[in-house]
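**Student:** Here is the input, now give the coordinates:
(2 chains, ligands or ions: 2)
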Amino acid sequence: MGRFIAIRLMHALIVLFIVIVLVFLVTRLIPGDAFLVAVAASGVEVDSAKTVKVLEEFYGLNKPFYEQFLIWLVNFVSGDWGESIGTGGDVLEMFLDRCPITLQLFFWATLWQFLIGIPAGVISALKRNSRTDMAITTGALIGFAIPPFWQAIVMIYLFAVLLPIFPPSGYVSFAEDPMGNVMSMALPSMVLGTSGAALLARYVRSSLLEVMSQDFVRTARAKGLGERAVVTLHAMKPAMIPVVTVVGLIWAGLLGGSFILEFVFALPGLGRMTVDAIYQRDFPVIQAMLIIVSLNVLFMNFIVDVLYAYLDPRVRLR
Amino acid sequence: MTAAAQAPPLLQVRDLAVEFGGDGGVVKAVNGVSFDLHRGEIVALVGESGCGKSVTALALLRLVADPPGRITAGSIHFDGEDLLQIPLPLLRDIRGDRIAMIFQEAMNSLNPVHRIGRQIAEPLSLHRAMPMRDALAKAVDLLRSVRIPEALRRSRDYPHQFSGGMQQRAMIAMGMGCEPDIIIADEPTTALDVTIQAQLLELLQQQVVEKQTSILLITHNLGIVARYADRVNVMYAGRIVEQAKAEDIYDRPRHPYTLGLLQSVPRIDQAIGDKLTPIEGQPPDPINPPPGCPFRPRCRFAVTRCDEDIPPLRRLTDSQSIACWVDVDD
Ligand SMILES: Nc1ncnc2c1ncn2[C@@H]1O[C@H](COP(=O)(O)OP(=O)(O)OP(=O)(O)O)[C@@H](O)[C@H]1O
Ligand SMILES: [Mg+2]
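**Tutor:** Ligands and ions are numbered 1, 2, ... in the order given. Alright, predicted model coming up:
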């Protein structure tokens, strides 16, 4: 298992390096000039071509490509993520400020997904073709089909306006008011987690159904185990193997989902910051975010691989 | 065996019927099967592939997959109770403890994500309330007894690390753990080479001698039947067509199908040059069986009556019965 993890980590690092190179190249290929935007926005009447040149020299953009890349890489690794062109703030600081909000959103959304999605799938499989099964399957389909922004609006209307349980939007920090923090996270994380929960329910259902018809489940019954033990001790673990893939995809998609929901629920998280940065062609921020997004995907993949290995000895011992 | 034969049978199966309902129609996989199993005896169940041997075995412990399968009739008396009637919790106490099952396809019948040792230990910890440590130690002993080399190390392996033959031996070890009264062994040695096959069958036989275990031995190998079984049930298309002592069936088969089976396998006492004659034709379509005797289309001895009436099992001697209107011995 240790060896397996080490190899996976190596892979992840190699991919990360490639991603970093690509990110660097891509941000430089995006059309539009941040300096022109800035100069135009400042409203000062200047010779723009000349100003841009001065600025380029100041920021080192006249140096050769690979040199720019090396300087940037060394800085990035040592924690100097540059200054935001839009706000002039330190990018790392901006990131650290907003990161906790998005992470909280992830945490609650994942919890919600697992707590709803997995039991729903299991119940639905064990009561196959019953009314409960039908209700869960239909619910999952609806949960998956309705776009998050629409869900958000409906949820706000239902649980913030009609029944004022949760605040309709805004962020309260945990340090300030722990209860208020949880309440402010409730609606956005539920909406963020719904499609994942729906997917999980469907995949858990079909996977468990598949496993329950396998010969080794019959063996477990032949040993004299009760139905509960058969499911929990013998069927669940193999049934989760294909589900893990889906979990990886869901996790990778969470960041995208949170970008939208941070807007709808007015949460000052990474998503908001990124969207603002894109409007302003704020390269340092965009670059940093691209790398964070890739890191997120790589990290999730890594977790998924480890989960795989934990669940399936055939993977672990290969 | 004679003394045992006087006592009431340990397991008494009567008129067992199992159906599978599918889109294409209903398959009567087992159709009125009756047989006895006495204490300390090995009874064989033989027949062509698809004749219903495994389904019969599964039905004994109500393990037929439902849906699509359904036990539609019959009784299975074990220790004074009908296993088809008792509530499931009581049946669970019997499964794996007093009646154990060795499945045909070991590879699929072992859980791929659990270690072999743990799987063998499970019935022990369940029925004997053994602490897991002791159960695991016992599992290693059991693996040793089925001739797995380096049993201790191997008990920590997963099924995919075992060869097919080793998986089957692990299945056998799993079945023997609780020293059951009855072992249902569904082709337990099919994947094994001849030497190990003999070793394991002797191991099972040893259980019979030492612990008075009874074994229902499902096989298509008539050589194994001759050597290890006390009595034989020959099955064809979901029915038992001949019941006899093992030695009688070789010397005096009375049902045309049994005769055909014997003539289609080589025998040690056969003159060189004698040709083997496989049984012509195929078993009947299980969804639309022909009226009358199911063996009729392939039978050399058929008479007109065979077209209309299904022959019931009739007693020829104290120990031999056939389901046939004729008697090939005449
Ligand atoms: N799960 C199932 N669904 C539908 N039909 C089944 C099922 N299991 C068995 N059958 C049918 O029941 C009949 C008997 O099958 P069974 O497995 O008992 O044969 P068998 O005698 O054990 O053969 P083999 O020697 O190949 O193991 C076959 O016609 C088979 O198609
Ligand atoms: Mg079979």
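
**Student:** Quick check: pLDDT value at residue 292.
**Tutor:** Just so you know, I chose chain A. Predicted confidence (pLDDT) for residue A:292: 87.

**Student:** Chain B, not that one
**Tutor:** pLDDT recorded at residue B:292 is 85.

**Student:** How about the residues of the stretch 1-150 of chain B by ligand 2?
**Tutor:** Taking Cβ under 5 Å from the ion as the contact definition, the stretch 1-150 of chain B meets ligand 2 at B:54, B:104. In short, each C-beta sits where N, CA and C put it, glycine included.

**Student:** Pick out the residue in the stretch 1-150 of chain B sitting closest to ligand 2.
**Tutor:** Proximity of the stretch 1-150 of chain B to ligand 2 (Cβ to the ion) peaks at residue B:54, 3.0 Å away.

**Student:** Tell me which residue in the stretch 201-318 of chain A sits closest to ligand 2.
**Tutor:** When scored by Cβ to the ion, the stretch 201-318 of chain A has residue A:215 as its residue closest to ligand 2, at 11.7 Å.

**Student:** Near the residue lying closest to that residue once chain neighbours are set aside, how many residues? Count them for me, please.
**Tutor:** Spatial nearest neighbour of residue A:215, excluding adjacent residues (Cβ to Cβ, 6 or more residues apart in numbering or on different chains): residue B:108 at 3.9 Å. Residues lying near residue B:108 (other Cβ atoms under 10 Å in any protein chain shown) number 16.

**Student:** Next, the contact list for residue B:108, please.
**Tutor:** Residue B:108 makes contacts with A:214, A:215, A:216, as judged by Cβ atoms under 8 Å, 6 or more residues apart in numbering or on different chains.

**Student:** Secondary structure element holding it?
**Tutor:** According to DSSP states H and E, residue B:108 maps onto helix B:106-109.

**Student:** ok, then the element right after that helix?
**Tutor:** Once the chain leaves helix B:106-109, the next helix or strand it forms, by DSSP H and E, is helix B:116-127.

**Student:** What's the mean pLDDT across that next one?
**Tutor:** The average pLDDT within helix B:116-127 is 95.

**Student:** quick one: it near chain A?
**Tutor:** Yes. Residues of helix B:116-127 contacting chain A under Cβ under 8 Å from any Cβ of the partner chain: B:122, B:123, B:126, B:127.

**Student:** So what's the residue count around the nearest residue to residue B:237 once chain neighbours are set aside?
**Tutor:** Closest residue to residue B:237 in three dimensions, ignoring its sequence neighbours and counting by Cβ to Cβ, 6+ apart: residue B:294, at 4.1 Å. Taking other Cβ under 10 Å as the criterion, the count of residues near residue B:294 is 25.

**Student:** Quick check: residue B:294 vs residue A:56, distance?
**Tutor:** With distances taken as Cβ to Cβ, to the nearest Å, residue B:294 is found 92 Å from residue A:56.

**Student:** can you check residue A:224 too?
**Tutor:** According to Cβ to Cβ, residue A:224 stands 78 Å off from residue A:56.

**Student:** Return the residues in contact with residue B:170.
**Tutor:** By Cβ under 8 Å, 6+ apart, residue B:170 lies in contact with B:106, B:110, B:116, B:119, B:120, B:143, B:146, B:148, B:159, B:162.

**Student:** Fine, thanks again, bye for now.
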